[in-house]
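Novice: model this:
(one chain, ligands or ions: 1)
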Amino acid sequence: MIQKMMLRLWRSEKFAFLTFSLLGPIIKLFKLAHKFVRPYVKNGQVVADLGCSTGYNSLAMADFVGPEGKVYAVDLNKKSVRALEKKAEKGGYHNIEPHASSAADLSFIEDRSVDFVFANGLL
Ligand SMILES: C[S@@+](CC[C@H](N)C(=O)[O-])C[C@H]1O[C@@H](n2cnc3c(N)ncnc32)[C@H](O)[C@@H]1O
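Specialist: This next block holds a predicted model:
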């Protein structure tokens, strides 16, 4: 029962949006994910950010892979994906491909085409 409630809360758009709006500045301040990911993501690679939320890590990885690389940014939450699309547009990123989709359905990604998968905090 409690587990089901937690699952519903975690998956709700408002929760995700609020949490990351509030915690975003703290996460950004320490750039923890970037430090962890940086050694693995190289220029020209294709990466997938599963559960990308509003794309804080997707944007960083887009910088790491450069214009020759590509970032698939995938999240269930349509609002988050829309926010990421706006950021990518504003920042002039052409190497991010956002998808509002479950990470369980990645049919838009070609088999064996991804070099690195970042999947933090999704269910
Ligand atoms: C805790 S946030 C993590 C955000 C980001 N990965 C990070 O490290 O800052 C989890 C995100 O995963 C998304 N999510 C949860 N389950 C998912 C699933 N099965 N497929 C795609 N996205 C999912 C939620 O909508 C939410 O935006």
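Novice: and the residue of the chain positioned farthest from its centre, how far is that from residue 123?
Specialist: Going by Cα atoms, centre = their mean, the residue of the chain most distant from its centre is residue 1, 29.3 Å out. Separation of residue 1 from residue 123 (Cβ to Cβ, to the nearest Å): 17 Å. Yep, even glycine has a C-beta here, placed from its N, CA and C like the rest.
Novice: just residue 99 next, same as before
Specialist: From residue 99 to residue 123 the distance is 17 Å (Cβ to Cβ).
Novice: Neighbour count: the two, which is higher?
Specialist: Set side by side, residue 99 and residue 123 show more neighbours around residue 99, with 19 against 10, by other Cβ atoms under 10 Å.
Novice: Please verify my assumption that the more buried one contacts residue 84.
Specialist: No: assessed by Cβ atoms under 8 Å, residue 99 is found out of contact with residue 84, at 10.1 Å.
Novice: moving C-terminal of the one helix or strand residue 29 maps to, what's the next helix or strand?
Specialist: Take DSSP states H and E as the rule and residue 29 turns out to sit in helix 13-30. Past helix 13-30, further along toward the C-terminus, the next helix or strand under DSSP H and E is helix 32-37.
Novice: And for that following helix, what's in contact with it?
Specialist: 27, 56-57, 60-61, 64, 116, 118, 120 (Cβ atoms under 8 Å, 6 or more residues apart in numbering).
Novice: Now that helix: buried residues?
Specialist: Using 16 or more other Cβ atoms under 10 Å as the test for burial, helix 32-37 gives 33-34, 37.
Novice: State the distance spanning the first to the last residue of stretch 40-59.
Specialist: Stretch 40-59 has an end-to-end distance of 15 Å (criterion: Cα to Cα, to the nearest Å).
Novice: near the ligand, anything from it?
Specialist: Yes: counting by Cβ under 6 Å from any ligand atom, the ligand has neighbours in stretch 40-59: 50-53, 56-57.
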